[in-house]
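Undergrad: no sequence on hand, only this structure:
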């Protein structure tokens, strides 16, 4: 049963790829992010992104691009806020958040097809909680983050160059107060398709 399912799936992927309707690749790049909200400095810090993606053609101009990424978001704490709330972050000045992210983008190819506009949702699961622990051993950040992405992709042969902006839609604050914290930032990446 498993062998026949694997065979059917392989045949489908080869068929889609041979018609130019399906591509798979890897990508890496940089994130420039901040956490928007009380207790964080209003400045962007750099991090990294890496992972894989697929391109599934829907029509001549439209295709879906699901991705699986590791995203690192960095931010700095506002020391004035720490003084106000009794140093709940245990003396830390910066925070690193690592997410396993799944963006699903709809791409619209413009002109000759080498430039595409992208937009879609992204859901991230917090996988590194080293810097999300409060002094009282609680979590400062929620495990899930829903974001909206938009940007441009340039296709140059097998290479893909992306520039995106993302804004968090969900409150990632897991402390019982009224402050809302949301991720936002820019992503720049280079990808390479294998087939």
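TA: Received the coordinates, thanks. These numbers come from a predicted model, not from an experiment. Numbers count the residues shown, from 1 in each chain.

Undergrad: show me what contacts residue 100?
TA: 68-70, 124-125, 127 (C-beta atoms under 8 Å, 6 or more residues apart in numbering). In short, each C-beta sits where N, CA and C put it, glycine included.

Undergrad: what about 10 Å?
TA: 51, 68-71, 123-128 (C-beta atoms under 10 Å, 6 or more residues apart in numbering).

Undergrad: just the local confidence number for it, please.
TA: Turning to residue 100, the model gives it a pLDDT of 96.

Undergrad: which residues does the one residue sitting closest to the centre of the chain bridge with?
TA: Nearest residue to the geometric centre of the chain (C-alpha atoms, centre = their mean): residue 101, 4.9 Å. Beta-bridge pairing for residue 101 (DSSP bridges): residue 69, residue 124.

Undergrad: check contacts around it.
TA: When contacts are counted by C-beta under 10 Å, 6+ apart, residue 101 touches 49, 51, 67-71, 73, 122-125, 127, 145, 147, 149, 166.

Undergrad: again with residue 191
TA: Per C-beta under 10 Å, 6+ apart, neighbours of residue 191: 23, 25-29, 51-53, 55, 65, 67, 153, 155, 158-162.

Undergrad: same question, residue 27
TA: 49-53, 67, 69, 159-162, 187, 189-193.

Undergrad: now, of the contacts of residue 191, which are buried?
TA: 23, 25, 27, 29, 51, 53, 55, 65, 67, 153, 155, 160, 162 (16 or more other C-beta atoms under 10 Å).

Undergrad: measure the third one to residue 68 for me?
TA: Applying C-beta to C-beta, to the nearest Å, the value for residue 27 to residue 68 is 10 Å.

Undergrad: okay, now the unreliable bits of this protein?
TA: For the chain, applying pLDDT under 70 flags the ranges 1-20, 39, 79-92, 129-138, 174-178.

Undergrad: in the protein, which spans are helices?
TA: 2-18, 79-85 (DSSP state H).

Undergrad: next step: the contacts of residue 191 restricted to strands.
TA: 23, 25-29, 51-53, 55, 65, 67, 153, 155, 159-162 (DSSP state E).

Undergrad: correct me, but residue 185 touches residue 166?
TA: Yes. Residue 185 is within contact range of residue 166, at 6.1 Å (criterion: C-beta atoms under 10 Å).

Undergrad: overlap of the contact sets of these two?
TA: 31, 33, 71, 73, 147.
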